[in-house]
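K.L.:
Pasting a predicted model and its sequence here:
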Amino acid sequence: MAAGNVDFRTCNYTTARDPRVILLEDMDQFEVQVFEAYHQRGFPRVVVNYAGLITAVSYEAKKLGINRDATPRAQDALKICRNLILIQQPQDADIKLKEASYKIRLAVDSVLQSLNPPPVFQYSSPDESYIDITAYIDSMEERYGYDNLVHQDLKYWENCSQEVRLIYGSLIGARIIKKILQATNYQSSIGIGCNKSIAKIGSALHKPGSITILAPTGLQQFAEFVKIEGISGLGGKLGDVIKHKFGVETMLDLQNVRHVRLAKTVTFNGNWIGYEKATVILNKAYGLCDDEVVPIKYASTATVSHQFYGHTFTRTQYMTEILELYVDKMLERLHFEKRNHNRTPTTLKFSIFLTNRNNIHAKLENVMWHEINNKGKMIDSFGYDNTSIIPQYWDKNAQVDKVQIVAKFADNPTQVYAVSAFSFMF
DNA sequence: CTTGGCTAGTTTC
DNA sequence: TGAAACTAG
């Protein structure tokens, strides 16, 4: 039973108890751990991609005020700390991260499979997963009885079976963290709560290397310290609009926003977010969330993309360049999916995102169509045919989607560049 | 002044 | 469903 429809206007949510025990396992400074040279540990470091942008920040560097918002570029960060260690992303960074992610999942899985019944595992991102151990905790209580199960030291909590359940969850959390460390030498943190939203908030509170339990009874006490953007789903535009429109800053403030007014908040392409979504958001402000942990082992689509500076794609030769550049990257990804997930794609989609910063987009777009709308030709050129290297990874019923072209325009154009992407769908 | 950048994935219309 | 908008790190 989840929280259900709670009337958030009258809700004292210490009474609206969700019996679930949900963990969010989150890797600490994931990219830094994966790419760091061993001897550099303990120093301020950042991971930098090929374009000089920071993709991950070590905790030592975070303490100095380096982060992806304030100092998006390595050169900005170096101004703050001359001795900052720059860890260059390798060419196949995405694959290396996915390999690491896969090892982590195996480690987590080995712990989960030792439990009866096995918890529900939901892949959320390469460094994050949700785990629902409610059924396991239930069965523990059934097997041993609450009184026998609860350690003497915990018994001073009267009527706090929910808290005790969460604490038992932390024992599983500790095993997971330990197993990940053994298997990969990577550190991670875990948040534990009665729903996904709370577990997620908790996981970030005491990084690195910690387990944080957030009991609903204590949530109200620190709701005023949780920023709106710290709530999952409110870290972007939506959160910004809400903060601006209602003058709210924290989770606590958000509780006082009127449902009707929130529903009529405009976002997504100029539309109201609507009553349903407003309910979900307000519930989250109260620490309530009905989202279930669903069994997902990995993402349902796969994308490889790249940004080509200075390329306008106005010439055929550029298309050839792109395709040649991509073949290795695509094959690597297909290998990975076959090897680790035993799946082959059925659909390929090719997208190009143009940012034309010199106001010649109409012409460009026109040429683009002529260059790549002939998809047969394009696909042939990287070998999608009988003699191809690709088909061994392809589903028999594979169909190639039509070419998608998206033109995107910047407000303050100074340079022409383009992004292209291949997506595989399974 | 001189860019907000990059990549990967999901949600929404 | 395709295309665009969105989130996230």
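P.N.:
Noted; the coordinates are in hand.
K.L.:
For DNA strand B, what's the nearest residue on the stretch 1-150 of chain A?
P.N.:
residue A:72 (2.8 Å; CB to the nearest atom of the strand). Every C-beta, even on glycine, is put in place using the N, C-alpha and C of the backbone.
K.L.:
unless I'm mixing things up, that residue is touching residue A:54, no?
P.N.:
Yes - counting by CB atoms under 8 Å, residue A:72 touches residue A:54, with 6.2 Å between them.
K.L.:
the more surrounded of the two?
P.N.:
residue A:54 (23 against 14; other CB atoms under 10 Å).
K.L.:
how close does the residue of the stretch 1-150 of chain A closest to DNA strand B get to residue A:48?
P.N.:
11 Å (CB to CB, to the nearest Å).
K.L.:
so what's in contact with the two at the same time?
P.N.:
Counting by CB atoms under 8 Å, 6 or more residues apart in numbering, the residues touching both residue A:72 and residue A:48 are residue A:54.
K.L.:
who touches the residue of the stretch 1-150 of chain A closest to DNA strand B in this structure?
P.N.:
Taking CB under 8 Å, 6+ apart as the test, what residue A:72 contacts is A:53, A:54.
K.L.:
And the pLDDT for it?
P.N.:
pLDDT for residue A:72: 83.
K.L.:
Distance of it relative to residue A:55?
P.N.:
10 Å.
K.L.:
Can you pull the phi/psi pair for the residue nearest to residue A:36 when sequence neighbours are not counted?
P.N.:
Among residues not flanking residue A:36 along the chain, residue A:87 sits closest, at 5.7 Å (CB to CB, 6 or more residues apart in numbering). Phi and psi for residue A:87, reported as degrees, to the nearest 10, are phi -100, psi 110.
K.L.:
number of nearby residues for residue A:87?
P.N.:
19.
K.L.:
do the same with residue A:268
P.N.:
Residue A:268: 12 neighbours (other CB under 10 Å).
K.L.:
got the phi/psi numbers for it?
P.N.:
According to degrees, to the nearest 10, residue A:268 has phi 20, psi 90.
K.L.:
again with residue A:48
P.N.:
Dihedral angles (degrees, to the nearest 10) for residue A:48: phi -120, psi 130.
K.L.:
What of the one 3 residues further on?
P.N.:
Summarising the backbone geometry of residue A:51 under the convention degrees, to the nearest 10, its torsions are phi -90, psi 10.
K.L.:
Mind pulling the model confidence for it?
P.N.:
For residue A:51, pLDDT reads 77.
K.L.:
hang on, residue A:78 packs against residue A:84?
P.N.:
Yes - counting by CB under 8 Å, residue A:84 is a contact partner of residue A:78 at 5.6 Å.
K.L.:
Show me which of these two is the more surrounded one.
P.N.:
residue A:84 (23 against 15).
K.L.:
Identify the residues contacting that one.
P.N.:
A:44, A:45, A:46, A:61, A:66, A:74, A:77, A:78.
K.L.:
What helix or strand is the fourth one located in?
P.N.:
Okay, so that is residue A:61. According to DSSP states H and E, residue A:61 maps onto helix A:59-63.
K.L.:
who does whatever helix or strand comes next after that helix touch, helix- and strand-wise?
P.N.:
Next in sequence after helix A:59-63, counting helices and strands by DSSP H and E, comes helix A:74-80. Using 3 or more CB pairs under 8 Å, 6 or more residues apart in numbering; DSSP states H and E as the contact test, the elements touching helix A:74-80 are strand A:45-48.
K.L.:
Please name the strands paired to the strand it packs on in the sheet, noting orientation.
P.N.:
Partner strands and pairing direction for strand A:45-48 (DSSP bridges) are strand A:54-57 (antiparallel), strand A:85-88 (parallel).
K.L.:
quick one, which of those strands is nearest to residue A:167?
P.N.:
When the strands paired with strand A:45-48 are compared by CB to CB, strand A:54-57 sits nearest residue A:167, at 31.8 Å.
K.L.:
Is it possible to get TSV of the strands paired with strand A:45-48 that adds mean pLDDT and distance to residue A:342?
P.N.:
As requested, the strands paired with strand A:45-48 are arranged in TSV below (pLDDT from 0 to 100; distance: least, CB to CB, whole Å):
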stretch	mean pLDDT	distance to residue A:342
strand A:54-57	90	29
strand A:85-88	89	32
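K.L.:
Could you say which of these is packed most deeply?
P.N.:
With neighbours defined as mean count of other CB atoms under 10 Å, the strands paired with strand A:45-48 peak in mean count at strand A:54-57, which reaches a mean of 22.
K.L.:
Could you give the number of residues near residue A:188?
P.N.:
Applying other CB under 10 Å, I find that residue A:188 has 29 neighbouring residues.
K.L.:
before we move on, what about residue A:32?
P.N.:
Neighbour tally, residue A:32, other CB under 10 Å: 24.
K.L.:
same thing with the one 5 residues further on?
P.N.:
Other residues near residue A:37 come to 9 when the count uses other CB under 10 Å.
K.L.:
gap between residue A:197 and residue A:232?
P.N.:
For residue A:197 relative to residue A:232 (CB to CB), the value is 6 Å.
K.L.:
okay, the two: which has more neighbours?
P.N.:
residue A:197 (25 against 17).
K.L.:
about what we covered before: joint contacts of residue A:197 and residue A:232?
P.N.:
Common neighbours of residue A:197 and residue A:232 (CB under 8 Å, 6+ apart) are residue A:284.
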